[in-house]
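# got a sequence here, can you model it:
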Amino acid sequence: MPKRRILIVEDEIVVVRGLEDALCSLGYTVCGFAPSGEKALSLVEQEKPHLALVDVQLRGKMDGTELAIVLSKRSHIPVVFITAFSNPEIVERAKLSGPYGYIVKPVRESQLKVCLELAFERIKEERERTAVDRSYLKTIEQLREQLAERVEGLEGASRKLLRAEGALHDYRLKLDSVQQELADLRGAFLALVRQMERSREDVEQEIAASIRGRILPILRELEAAPSLDRHKTELEMLFLCMSHISSGISREIPWSAALSTTELRVAILIRNGLTSEEIAKQLHLSLDTVKTHRRNIRKKLNLRNTDTNLITYLKDSSVLR
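Numbers count the residues shown, from 1 in each chain. Below you'll find the model as predicted:
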């Protein structure tokens, strides 16, 4: 640890030499001495002492008490007074400067040792307390800033909430209006549905009868015409589609309605006795694709895991007729 530097402010050279010897004996460093307050202020700026030993009764314009006040305010240098007086008036005046101790002349080394140790201990405690206070102040300032940010955030959130409440109120009004319009539309729609249902069944029966009585016989005649053999599959598909339409109108859905267009073509060719290879060639499909369609047809007709022959089943008029 560096030696503590002490400035002596004393106008009696004999006292200065005695103090210098005692301080060096105690392990301190004397960084300078001044006979007046003005000289002391100049040395303080140059030497930066840790503490100043100041005679209360200095000669010149500035006495020891005035110097101590200046050192405390300007340079924050702690002061220990040296005095040959115990006059209460002088002591009370010296107290105003906040000294760190008093040493009465003639100065004894033991007295000086105790006084300086107490002074530096007080300095240490004050600096630690100051550091703690600064830490507390910094923490308080940070908390104040965080609180201000939080308050600002809450105020912003409150404003947004108020705007949202206003928007929600407007939305509810619009929603009530829309719900009323929907209720009116629903009533009108139900009335229209009831009116349409009264004639729908008659129209459906008439359409189904026309398909069965007029269109399907024509398709059968075309299917039997030798000149249209190469379109036989397409005619049977058309026949099935029209059958499905008439069945759908009459609400009698055949099993073949579950098959896709390609599956229907494959099913018709199977029913007509063609092998998988022949079907693949005619429909320009791969053999594996045809086999996949056969499996799907059996699955959709609920024939999987059964011994039912697919050709026999498809020739049943209730399936493809």
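# which parts of the stretch 51-200 of the chain are helices?
According to DSSP state H, counting those that start in this stretch, the stretch 51-200 of the chain carries its helices in the segments 64-70, 88-95, 109-210.
# got CSV for those, with distance to H293, mean neighbour count and mean pLDDT too?
Where you see a C-beta, it was placed from the backbone N, CA and C, and this is true even at glycine. Listed next are the helices of the stretch 51-200 of the chain as CSV, based on distance: least, CB to CB, whole Å; neighbours: other CB atoms under 10 Å; pLDDT from 0 to 100:
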stretch, distance to H293, mean neighbour count, mean pLDDT
helix 64-70, 110, 21, 89
helix 88-95, 114, 13, 71
helix 109-210, 30, 11, 84
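# for the ones you listed, give me JSON lines that also has distance to L310.
Shown next, in JSON lines, are the helices of the stretch 51-200 of the chain (distance: least, CB to CB, whole Å):
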{"stretch": "helix 64-70", "distance to L310": "119"}
{"stretch": "helix 88-95", "distance to L310": "121"}
{"stretch": "helix 109-210", "distance to L310": "29"}
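# quick one: closest of those helices to D21.
Nearest to D21, of all the helices of the stretch 51-200 of the chain, is helix 109-210, at 8.6 Å by CB to CB.
# so which elements touch that closest one?
Secondary-structure packing of helix 109-210 (3 or more CB pairs under 8 Å, 6 or more residues apart in numbering; DSSP states H and E): helix 13-25, strand 51-55, strand 79-83, strand 102-104, helix 232-249.
# cutoff 6 Å now
helix 232-249 (3 or more CB pairs under 6 Å, 6 or more residues apart in numbering; DSSP states H and E).
# tell me the first helix or strand C-terminal of the helix it packs on.
helix 261-271 (DSSP states H and E).
# what's the first-to-last distance across stretch 30-40?
Length of stretch 30-40, first residue to last, CA to CA, to the nearest Å: 13 Å.
# and of the helices of the stretch 51-200 of the chain, who's closest to I279?
helix 109-210 (31.9 Å).
# got the angle for the closest one vs helix 13-25?
60 degrees (axes from the mean of the first three to the mean of the last three CA atoms, to 10 degrees).
# the one residue sitting closest to the centre of the chain and Q142, how far apart?
In the chain, the centroid-proximal residue (CA atoms, centre = their mean) is G153; its distance is 15.4 Å. Separation of G153 from Q142 (CB to CB, to the nearest Å): 16 Å.
# do R294 as well
Counting by CB to CB, the gap from R294 to Q142 is 80 Å.
# kindly report the same for H284.
Per CB to CB, H284 is found 81 Å from Q142.
# go on, D63?
D63 is 45 Å from Q142, by CB to CB.
# which one of the helices of the stretch 51-200 of the chain lies nearest to V80?
Nearest of the helices of the stretch 51-200 of the chain (CB to CB): helix 109-210, 5.4 Å.
# what angle sits between the closest one and strand 51-55?
Going by the same axes, to 10 degrees, helix 109-210 makes 140 degrees with strand 51-55.
# between strand 79-83 and helix 109-210, find me the angle.
Going by the same axes, to 10 degrees, helix 109-210 makes 160 degrees with strand 79-83.
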